[in-house]
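Trainee: sharing a model that was predicted from the sequence below.
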Amino acid sequence: MKISLFTIIFKDRSLKETLEIAHDMGFEGIELWGQDPHISSNSSLDYVREIKN
């Protein structure tokens with residue numbers, strides 16, 4: 001089991017900043033909030049690939 005962070009708790013911050021916080025806090029995984037500014041159905045495939053990497 002991995003301890004993960006659901007990004008909705010940082011909905012007022014960019015996804016990049018949220019991922020940095022999650023990393024610094026030692027989380028092993030993330031669950032993306034499916035709304036802007038994190039990721040949405042309008043997100044480009046390039047953006048999704050960038051997040052994955």
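Mentor: Yep, it's here.

Trainee: buried residues, the lengthiest helix in the chain. List them.
Mentor: For the chain, the helix that runs over the most residues, judged by DSSP state H, is helix 15-24. Buried residues in helix 15-24, counted by 16 or more other Cβ atoms under 10 Å: 15, 18-19, 22. Where you see a C-beta, it was placed from the backbone N, CA and C, and this is true even at glycine.

Trainee: surely Glu31 touches Thr7?
Mentor: Yes - using Cβ atoms under 8 Å, Glu31 is in contact with Thr7, at 6.8 Å.

Trainee: what are the ranges of the strands in this structure?
Mentor: 4-6, 29-31 (DSSP state E).

Trainee: picking that back up, what about Glu31 and Thr7, which has more around it?
Mentor: Applying other Cβ atoms under 10 Å to Glu31 and Thr7 shows that Thr7 carries more neighbours, namely 22 against 10.

Trainee: can you tell me how far His38 sits from Met1?
Mentor: When distance is defined by Cβ to Cβ, to the nearest Å, His38 is 23 Å away from Met1.

Trainee: what does Met25 give?
Mentor: Counting by Cβ to Cβ, the gap from Met25 to Met1 is 17 Å.

Trainee: name the helix or strand of this protein that has the lowest mean pLDDT.
Mentor: helix 45-52 (a mean of 90; mean pLDDT, DSSP states H and E).
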